[in-house]
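Enquirer: no sequence on hand, only this structure:
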């Protein structure tokens with residue numbers, strides 16, 4: 001299991017929880033597990049092209065690159081709103 005920390009904008013889709021548990025060895029598996037546990041999250045994290053542009057993922061506070069990135073057991077996965085601007 002890993003601990004998933006959700007940005008405030010996504011919490012309503014997870015019953016208001018700021019932190020949830022999920023299973024999986026990769027980010028893709030973790031997101032699939034989250035969408036099964038919290039169906040309202042489906043479509044808010046990934047789309048056919050991959051991670052949605054407004055979402056930023058990190059594993060243990062380090063930027064994640066790609067849905068197939070490995071996630072160690074007991075890790076923290078942060079799902080945040082991506083920053084933009086200039």
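Expert: Cool, got the structure. None of these values were measured; they are calculated from a predicted model.
Enquirer: list the residues that contact the most centrally placed residue in the chain.
Expert: Centroid-nearest residue in the chain: residue 79, 4.4 Å away (criterion: Cα atoms, centre = their mean). Neighbouring residues of residue 79 by Cβ atoms under 8 Å, 6 or more residues apart in numbering: 4-7, 10, 45, 55-57. For glycine as for every other residue, the C-beta is placed from the backbone atoms N, C-alpha and C.
Enquirer: nearest residue to residue 26 in space, please, no chain neighbours.
Expert: residue 68 (5.3 Å; Cβ to Cβ, 6 or more residues apart in numbering).
Enquirer: the residue nearest to residue 54 when sequence neighbours are not counted: neighbour count?
Expert: Among residues not flanking residue 54 along the chain, residue 82 sits closest, at 5.4 Å (Cβ to Cβ, 6+ apart). Counted with other Cβ atoms under 10 Å, the neighbours of residue 82 add up to 12.
Enquirer: residue 82 contacts residue 53, doesn't it?
Expert: Yes: if you go by Cβ atoms under 8 Å, residue 82 and residue 53 touch, sitting 6.6 Å apart.
Enquirer: now residue 20, what's its secondary structure?
Expert: Secondary structure assignment for residue 20 (DSSP: H, G, I helix; E, B strand; the rest coil): strand.
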